[in-house]
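1. Starting from these lines, generate the structure:
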Amino acid sequence: MKLYVCYGTWKPAPRPGGHPCGKAYDALKDAGYEPEVKRAYGLGAFPSFVNNMTSGRREVKRLTGNYWVPALIVDDGTVIQGSREIIEWAKAHPAA
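-> Predicted structure coming up:
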């Protein structure tokens with residue numbers, strides 16, 4: 001399992017509710033997973049010529065069709081993008 005994040009897995013953020021990458025990471029940990037964290041760097045809102053400079057964002061684009069993280073790649077190849085979707089998946093699929 002790989003979790004693509006921007007720069008890290010912290011939750012504090014100037015936005016209400018906290019940072020999406022940290023929220024997704026914590027949900028996976030709470031569900032019993034130890035995801036391999038891949039830092040994509042950059043910012044999804046940047047133009048593609050900027051995001052193309054980071055291998056992490058290029059990989060996210062290849063997997064999802066866009067540059068936004070967090071993105072989770074489950075061991076069976078399933079791709080789940082977005083913190084809300086990752087949190088819901090983790091709650092519905094706790095580790096054995």
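2. for Arg4, helix, strand, or coil?
-> One correction, residue 4 is Tyr, not Arg. Using DSSP: H, G, I helix; E, B strand; the rest coil as the criterion, the local structure at Tyr4 reads strand.
3. burial of it, as a residue count?
-> Taking other C-beta atoms under 10 Å as the criterion, the count of residues near Tyr4 is 26. Yep, even glycine has a C-beta here, placed from its N, CA and C like the rest.
4. Might you report the residue contacts of it?
-> Residues touching Tyr4, when contacts are defined by C-beta atoms under 8 Å, 6 or more residues apart in numbering, comprise Lys38, Arg39, Ala40, Gly56, Glu59, Val60, Val69, Pro70, Ala71, Leu72, Ile73.
5. Can I have the buried ones of those residues as a PyMOL selection?
-> Applying 16 or more other C-beta atoms under 10 Å to the contacts of Tyr4 leaves a buried subset, and the PyMOL line that selects it is:
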select buried, resi 38+39+40+56+59+60+69+70+71+72+73
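6. From the contacts of Tyr4, which land in helices?
-> When DSSP state H is applied, those are split such that Gly56, Glu59, Val60 fall in helices.
7. Gly32 versus the last one, what's the distance?
-> What that stands for is Val60. To Gly32, Val60 is 25 Å away according to C-beta to C-beta, to the nearest Å.
8. coming back round to it: okay if I get the ones in helices among the contacts of Tyr4 as CSV plus pLDDT and distance to Glu85?
-> As requested, those are arranged in CSV below (pLDDT from 0 to 100; distance: C-beta to C-beta, whole Å):
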residue, pLDDT, distance to Glu85
Gly56, 88, 19
Glu59, 92, 18
Val60, 92, 14
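9. now those residues as TSV including distance to Gly77?
-> Compiled in TSV, the ones in helices among the contacts of Tyr4 are given as follows (distance: C-beta to C-beta, whole Å):
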residue	distance to Gly77
Gly56	18
Glu59	14
Val60	15
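10. Closest to Ala27 out of the residues you listed?
-> Nearest to Ala27 out of the ones in helices among the contacts of Tyr4 is Val60 (C-beta to C-beta; 18.6 Å).
11. Find me whatever residue is spatially closest to the residue nearest to the spatial centre of the chain, sequence neighbours aside.
-> The residue lying closest to the centre of the chain (C-alpha atoms, centre = their mean) is Pro70, at 2.0 Å. Using C-beta to C-beta, 6 or more residues apart in numbering and skipping residues adjacent in sequence, the residue nearest Pro70 is Ala24, 4.1 Å away.
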